[in-house]
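1. How does the following fold in three dimensions:
(one chain, ligands or ions: 1)
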Amino acid sequence: MPAIPANKPYRVGRSPTGLGLFATKPIKKGTKIIRYFGPLLDSKKKKDDAIENKYLFELNDRWTIDGSVRKNVARYINHACKPNAESDVRPRKRKVFIRAIKNIEPGEEINYDYGTDYFKAYLKPIGCKCAACEKKRKKKRAEARAEKLRLKAKAERKALKKAQKAAEKLAGQAARKNGGVKANGKLLDGKHLNGKHLNGNGRAKVTARRSPATRPRTSAPAPALQAQA
Ligand SMILES: [Zn+2]
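-> Got it, this is the predicted structure:
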């Protein structure tokens, strides 16, 4: 790792994607943090134009900074879609500074937006690993999980309803087969008889009325037999 003077408000450290630049002191919004520097490449020169690496910083149509040199500590700054710094490009001076666009606390990683061209070429194919994108992915995963649970619960409710309906249908069929009484050509469910609601008492009355009429018939012949004997 490169040696950084103690008076600088940053250090190179481990980040989720490899190495990164971290604040060691509070950095106020608007502060120039570090210069992004390296040899200037002239696109009009074939030799310069042939150079290809991840640290090229295009100033304009003609000039590009080759930031791949070790001394360029700013090259450790990672991309972020919601950054706390920005690249302040001065094409006429052929200089680039990284400037804080938020107050940055010690320990916080410094980052800036690399721009759409870089994003499309290098980050989109592998998936941007910046905090904002990770958060978005996490939220999407959580939403997908919640949706899956919601659908599962819905399917379970539906299955339960279906099972209940099937059980009710079966119970109805069984009631018609066993308990159903046909009276006056009407199909009855056991509760109704001749339009009258019956319960235990009703049935008891029917048998009570019938029994006095049958009792004399069975008991009457007995005295006659006794008398004959
Ligand atoms: Zn991102």
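2. quick one: the strands in this structure?
-> Residue ranges of the strands in the chain, as given by DSSP state E, are 10-15, 18-23, 32-36, 40-42, 56-58, 63-66, 78-79, 85-90, 95-100, 109-112, 181-183, 186-188, 192-193, 196-197.
3. Centre of the chain to the second one, how far?
-> Average the C-alpha atoms of strand 18-23, do the same for its chain, and the two points are 30 Å apart (C-alpha atoms, centre = their mean, to the nearest Å).
4. Point out the residues in this structure that sit beside the ion.
-> Proximity of the chain to the ion, by C-beta under 5 Å from the ion, involves residues 81, 128, 130, 133. The C-beta positions use only the backbone N, C-alpha and C, and glycine is treated the same way.
5. and stretch 90-101, which residues are buried?
-> Residues 96-101 are the ones in stretch 90-101 that count as buried (16 or more other C-beta atoms under 10 Å).
6. pLDDT of it, averaged?
-> Across stretch 90-101, pLDDT averages out at 95.
7. ok, and what's touching it?
-> 27-37, 40, 57, 59-60, 63, 65, 74, 77, 83-89, 110, 112 (C-beta atoms under 8 Å, 6 or more residues apart in numbering).
8. Ends of it, what's the gap?
-> By C-alpha to C-alpha, to the nearest Å, the extent of stretch 90-101 from end to end equals 17 Å.
9. Distance-wise, check residue 139 relative to residue 96.
-> Residue 139 sits 33 Å away from residue 96, going by C-beta to C-beta, to the nearest Å.
10. correction: residue 46
-> According to C-beta to C-beta, residue 46 and residue 96 sit 24 Å apart.
11. quick revisit: which one of the strands of the chain lies closest to residue 147?
-> strand 78-79 (30.5 Å; C-beta to C-beta).
12. to the chain's geometric centre, what's the distance from that closest one?
-> Put simply, strand 78-79 sits 27 Å off its chain's centre (C-alpha atoms, centre = their mean).
13. just to revisit the earlier point, of the strands of the chain, flag the one that's most buried.
-> Of all these, strand 109-112 carries the top mean neighbour count, a mean of 23, counting by mean count of other C-beta atoms under 10 Å.
14. Restrict that one to CA atoms and write it as CSV.
-> What follows is strand 109-112, C-alpha atoms only, in CSV (Å, rounded to 0.1, in the frame of the first residue of the first chain):
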residue,chain,number,x,y,z
GLU,A,109,-15.1,5.4,2.6
ILE,A,110,-14.6,8.1,0.0
ASN,A,111,-16.2,7.6,-3.4
TYR,A,112,-17.4,9.3,-6.5
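15. Can you pull out the residues in contact with that strand?
-> 10, 15, 20-23, 27, 33, 77-80, 83-87, 98, 100, 104, 130.
16. Tell me the most packed of the residues of the chain next to the ion, by neighbour count.
-> Within those, residue 130 tops the neighbour count with 21 neighbours, counted by other C-beta atoms under 10 Å.
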